[in-house]
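In: 3D, please:
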Amino acid sequence: MSYFKHHVFFCCNQREPGDTCCNNHNATGMQTYAKDRIAALGLKGRGKIRINKAGCLDRCDEGPVLVVYPDNVWYTYIDKEDIDEIIDEHLVHGRIVTRLRLPDAA
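Out: Model prediction:
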């Protein structure tokens, strides 16, 4: 069994001005929001959920992006409502949010 039930990584990479990067879409703010929401729901900690910042996850052109492990499900999002949906549906109820899911690598 892994230490966390789910480990979520938000790409918070910041590239040079003019380059595509997740942080240009408020990725750091969305990561902080998700981390606070998980804590408020009592879902933070061992055996539960961990929300982390990551450097470049190499999918910035599809971003902003986050990935949920161990499920290996990649998502994009626009706002807090999308983050809430990923938390409520995927992390709490185990249902993948198809409309926000990125395709797997070919």
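
In: flag the shaky bits of the chain, pLDDT-wise.
Out: 1, 18-19, 105-106 (pLDDT under 70).

In: max-length helix in it?
Out: helix 27-40 (DSSP state H).

In: ok, and what's touching that helix?
Out: With C-beta atoms under 8 Å, 6 or more residues apart in numbering as the contact definition, helix 27-40 has outside contacts at 8, 10-13, 44, 48-49, 51-53, 63-64, 66, 77, 80, 83-84, 86-87, 91. C-beta: built from backbone N, CA, C; applies to glycine.

In: right, and the helix or strand after that helix?
Out: strand 49-54 (DSSP states H and E).

In: what comes up buried for that following strand?
Out: Ile49, Arg50, Ile51, Ala54 (16 or more other C-beta atoms under 10 Å).

In: mind jotting down where the helices sit in this structure?
Out: Ranges of helices in the chain, per DSSP H, are 27-40, 80-85.

In: and those helices: which comes nearest Ser2?
Out: When those are compared by C-beta to C-beta, helix 27-40 sits nearest Ser2, at 16.4 Å.

In: convert the closest one to CSV, retaining C-alpha atoms only.
Out: Extracted as CSV, the C-alpha positions of helix 27-40 are listed here (Å, rounded to 0.1, in the frame of the first residue of the first chain):
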residue,chain,number,x,y,z
ALA,A,27,-1.4,27.0,-11.4
THR,A,28,0.3,28.0,-8.1
GLY,A,29,-3.0,29.6,-7.0
MET,A,30,-5.0,26.5,-8.0
GLN,A,31,-2.5,24.2,-6.2
THR,A,32,-2.9,26.3,-3.0
TYR,A,33,-6.6,26.2,-3.3
ALA,A,34,-6.7,22.4,-3.8
LYS,A,35,-4.3,21.9,-0.8
ASP,A,36,-6.5,24.1,1.4
ARG,A,37,-9.7,22.4,0.3
ILE,A,38,-8.3,18.9,0.9
ALA,A,39,-7.3,20.0,4.4
ALA,A,40,-10.7,21.5,5.1
